[in-house]
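Novice: next one to model:
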Amino acid sequence: MTNKEEMNEDWIKYEERIDKFIQVIAKNMTLYGITASVGRLYGALYFADEPMTLDDMRDALEMSKTSMSTGVRSLSEMKMVETAFKKGVRKDLYKSEEDWYKSFTSLFGNRWRHHTETNIEEAEEAMMELMKLQEETQNEELKQKIEIDLEKLQYAKNYYTWLMKFIRVVETGEIFNFIPKEPTNK
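Specialist: Numbering: from 1, shown residues only. Below you'll find the model as predicted:
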């Protein structure tokens, strides 16, 4: 085998290893409600040496430009991708947010805040309606059941209120006072 063939084989091994890790990223991002294809897009941007255009992404991932555009928009909304500038390039360029801690806190906060706020509102609404029904009904058994369920709903509301505090700790970065970031070994 010639030296050139060895070097080529090494590059193939390198690309296979990076692709395998990108698949792991994509799989893990599904835990956060992000599709695997958008996860692969993030991985491709993360390992890219330079910012990429939608055409570059399409070529690298063999997906449609529309899919790339939708994926980039999703990642941008989650603050995992940002636009970049390169002199002489007219097309939009994108690069990944390299601070995964920042990405996680933003993503976690956005995803959990909405659902938790909704759950608090639903618990409050259920409590109000049940209290009204409890006052209006003559059925003693139903009144007792409502009383038990009101306690359960209050417990749920207390939990969601606590969860909102936790979300704030994550979003503000205070979480790193309790669980420090791992040092970078660069």
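Novice: measure how buried E16 is and give me the count.
Specialist: 9 (other CB atoms under 10 Å). Just so you know, the C-beta spots here come from the backbone N, C-alpha and C atoms, and that holds for glycine as well.
Novice: what residues sit buried inside stretch 63-78?
Specialist: Neighbour counts over stretch 63-78 (16 or more other CB atoms under 10 Å) mark M63, S67, M68, T70, G71, V72, S74, L75, M78 as buried.
Novice: between the residues you listed, which is closest to F85?
Specialist: F85 lies nearest to V72 out of the buried residues of stretch 63-78, by CB to CB, at 15.6 Å.
Novice: alpha carbons of the host helix or strand of the closest one, in CSV - could you do that?
Specialist: Using DSSP states H and E, V72 falls within helix 65-77. Taking Å, rounded to 0.1, in the frame of the first residue of the first chain, the C-alpha atoms of helix 65-77 are listed here in CSV:
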residue,chain,number,x,y,z
LYS,A,65,-32.5,22.6,0.9
THR,A,66,-36.0,23.1,2.4
SER,A,67,-35.2,20.6,5.2
MET,A,68,-31.9,22.3,5.8
SER,A,69,-33.6,25.7,6.0
THR,A,70,-36.3,24.4,8.4
GLY,A,71,-33.6,22.6,10.5
VAL,A,72,-31.4,25.7,10.7
ARG,A,73,-34.4,27.8,11.8
SER,A,74,-35.3,25.4,14.5
LEU,A,75,-31.7,25.3,15.8
SER,A,76,-31.5,29.0,15.6
GLU,A,77,-34.6,29.4,17.7
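Novice: quick check: M52 touching L45?
Specialist: Yes - counting by CB atoms under 8 Å, L45 is a contact partner of M52 at 6.1 Å.
Novice: now do the shared contacts for those two.
Specialist: Y94, K95 (CB atoms under 8 Å, 6 or more residues apart in numbering).
Novice: give me the helices and strands touching the helix ranked longest in the chain, please.
Specialist: Determined from DSSP state H, the single longest helix within the chain is helix 100-136. In terms of contacts (3 or more CB pairs under 8 Å, 6 or more residues apart in numbering; DSSP states H and E), helix 100-136 is packed against helix 140-172.
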